[in-house]
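Colleague: sequence first, then the predicted structure:
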Amino acid sequence: MPRLYRVDNGDTIGQITDDQLKFLVDQLEEEHDLDQDYYIDRDTLELLSDNGGDPELLAMIEKALGDDDQIDLAWE
């Protein structure tokens, strides 16, 4: 099961399903084929929601954002 984590400190955001990962990969821009990290801000979170993102996944990312304006998250 894929794990989401914050790039800046390595803290685990949570375990996600393969379908949730596919949604993130399909929705977010990758700089190259091996890219596994994404810049997330409030606007990106809203876009994910507007595009039918799983509520559990969105809540997990929103919690990880906390009071920050943006974070970089990655998966493994």
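Modeller: Arrived safely, thanks for sending.

Colleague: residue 52 versus residue 11, what's the distance?
Modeller: 27 Å (CB to CB, to the nearest Å). All C-beta spots, glycine's among them, are computed from the backbone N, C-alpha and C.

Colleague: tell me where this protein is predicted with low confidence.
Modeller: In the predicted model, the chain carries pLDDT under 70 at residues 30-35.

Colleague: give me the neighbour count for residue 40.
Modeller: Each residue near residue 40 was counted by other CB atoms under 10 Å, and the total is 23.

Colleague: assumed it was part of a strand.
Modeller: Yes: counting by DSSP: H, G, I helix; E, B strand; the rest coil, residue 40 is found in a strand.

Colleague: hmm, residue 74 and it touching each other?
Modeller: No: with contact taken as CB atoms under 8 Å, residue 40 and residue 74 are classed as non-touching, separated by 10.6 Å.

Colleague: who's in contact with residue 43?
Modeller: With CB atoms under 8 Å, 6 or more residues apart in numbering as the criterion, no residue contacts residue 43.

Colleague: that one: what secondary structure?
Modeller: helix.

Colleague: how much space between it and residue 37?
Modeller: 18 Å.

Colleague: likewise residue 60?
Modeller: Counting by CB to CB, the gap between residue 60 and residue 37 amounts to 16 Å.

Colleague: how about residue 8?
Modeller: Noted for residue 8: a distance of 11 Å to residue 37, by CB to CB.

Colleague: more neighbours, the two?
Modeller: Taking residue 8 and residue 37 together and counting by other CB under 10 Å, residue 37 has the greater number of neighbours (15 against 10).

Colleague: I'm done for today, thanks for sticking with me.
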